[in-house]
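1. mind folding the following:
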Amino acid sequence: MPLARPLPQKQHVFYVWSPKLKRQLRLFSRLELEAWVLLEADPSVKTFCEYPSRFTLNGRIYYVSFWVSSAGAATFWFVVPSDESLSLRTTLGNAADLVSWGARNGIGLKVVDETDTRKHPVGLDNWIQIIHHLAANGQYVTEPLLEGVLIAAKAGPVSVDAIVNHQQGVDREICLAAIFQLIQNAKLKCEDLMSYPLSNSLLVAAA
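-> All right, here's what the predicted structure looks like:
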């Protein structure tokens, strides 16, 4: 469960809906918002939680931005601006008690900054749009529709537009949500998703 983190002064607060967690999140910086998008986009991330814990290091309180469960391993993500990341990495490296606690509990420590979240800016923007689709229409996606999309993509690569047109009688937005849900779950692959803007001409194939 996330900690009840106090609202910061003179700082934006972002309320977002997580398709993976099926609940609302409250995030405290644009950078944490971008890190959350990476978690939603990564099919190896099975679940996560925002602000699971906090620590006092060198007299300063640090909130863990995310607990992340991925590929059978757990990691605490500390999401900070790049001008703070080196200092925090040094601080964490010298925090013997925290490192020991993490090792005993099977939790790794990771510092995330803009070099991580903005490595693929086009892909980041695409996934922001995809999450919007999933949050708005994911609840209407049915198993028969998912199966229909997979069947249409087996002969792939095939364009998103062709798959949508193949699902006769299905609302276009819901069909797009089905495609994106399958990409998120690694059942469809789209090799150009991180390099080219989201469009109906992008090619997808069964994974």
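2. wasn't Glu32 part of a strand?
-> No: under DSSP: H, G, I helix; E, B strand; the rest coil, Glu32 sits outside any strand and is assigned helix.
3. how many neighbours does the closest residue to it other than its chain neighbours have?
-> The spatially closest residue to Glu32, leaving aside those adjacent along the chain, is Val79, at 4.9 Å (CB to CB, 6 or more residues apart in numbering). Every residue, glycine included, has its C-beta placed from N, CA and C. A total of 27 residues lie near Val79 under the criterion other CB atoms under 10 Å.
4. from now on call the first residue 280
-> All right, first residue 280 from here; so that's Val358.
5. what comes into contact with stretch 378-387?
-> The contact list for stretch 378-387 (CB atoms under 8 Å, 6 or more residues apart in numbering) reads 346, 352-355, 371-372, 388.
6. do you know the pLDDT at the residue nearest to Glu311?
-> Looking at Val358, its pLDDT stands at 96.
7. start to end distance for stretch 342-355?
-> Terminal residues of stretch 342-355 lie 10 Å apart, using CA to CA, to the nearest Å.
8. show me which residues of that stretch are buried.
-> Within stretch 342-355, the residues that count as buried by 16 or more other CB atoms under 10 Å are 342-347, 353-355.
9. correct me, but the residue nearest to Glu311 touches Arg309?
-> No: contact between Val358 and Arg309 fails when scored by CB atoms under 8 Å: they sit 10.3 Å apart.
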